[in-house]
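In: generate a structure from the sequence data that follows.
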Amino acid sequence: MPFTYQYPHPAVCVDIIVICKVNEDHKILLIERKNPPFEKCWAFPGGFIDMDETLEQSALRELNEETGLKLTSLNQFATYGDPGRDPRERTVSVVFYSILKYELVASAGDDASNAKWFSVKEIPALAFDHKKILDDFLRKIVV
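Out: Residues are numbered from 1 along each chain as shown. A predicted model of the protein is given here:
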């Protein structure tokens with residue numbers, strides 16, 4: 001029988017940054033959310049972990065489900081867990097990334113209505129705290 005805690009605790013999720021360099025520009029893969037919260041807003045592919053998978057397995061699964069990309073590994077970037085980052089419940093997100101040599105063909109699936117590459121110079125408004133995460137990532141990893 002699973003143990004049940006008497007106090008609330010956060011849900012764990014993953015977000016995935018996939019970026020590539022095209023000419024002198026960096027492009028990032030985003031999905032358009034199909035469901036609330038932030039329906040029709042752009043975001044990183046991602047979602048909640050399943051109970052029987054590692055964090056990286058969860059990230060690879062979510063990336064495949066939402067974009068059709070089948071990568072074999074990802075790098076862990078950082079963890080974000082500020083209160084209020086998700087209006088549904090308290091969440092902690094482990095952010096993974098992959099830097100590709102070229103742009104792969106992506107197709108929306110699962111709870112994404114669209115998947116599209118954007119220049120990091122022309123990013124649309126992002127859901128959740130993904131703008132902060134992207135700014136941190138570009139400052140620490142790419143630039």
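
In: all contacts plus neighbour counts: C-alpha atoms, from now on.
Out: Fine.

In: and the helices in the chain?
Out: With DSSP state H applied, the chain shows helices at 55-67, 130-137, listed in chain order.

In: mind saving the C-alpha coords of the shortest one as CSV?
Out: In CSV, the C-alpha atoms belonging to helix 130-137 read as follows (Å, rounded to 0.1, in the frame of the first residue of the first chain):
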residue,chain,number,x,y,z
HIS,A,130,9.2,29.7,-19.6
LYS,A,131,10.5,33.2,-20.6
LYS,A,132,12.6,33.3,-17.4
ILE,A,133,13.8,29.8,-18.1
LEU,A,134,14.7,30.6,-21.7
ASP,A,135,16.5,33.8,-20.6
ASP,A,136,18.5,31.8,-18.0
PHE,A,137,19.3,29.2,-20.6
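
In: returning to what we had before: looking at the helices of the chain, which is buried most?
Out: helix 55-67 (a mean of 22; mean count of other C-alpha atoms under 10 Å).

In: where's residue 121 relative to residue 135, distance?
Out: Residue 121 sits 11 Å away from residue 135, going by C-alpha to C-alpha, to the nearest Å.
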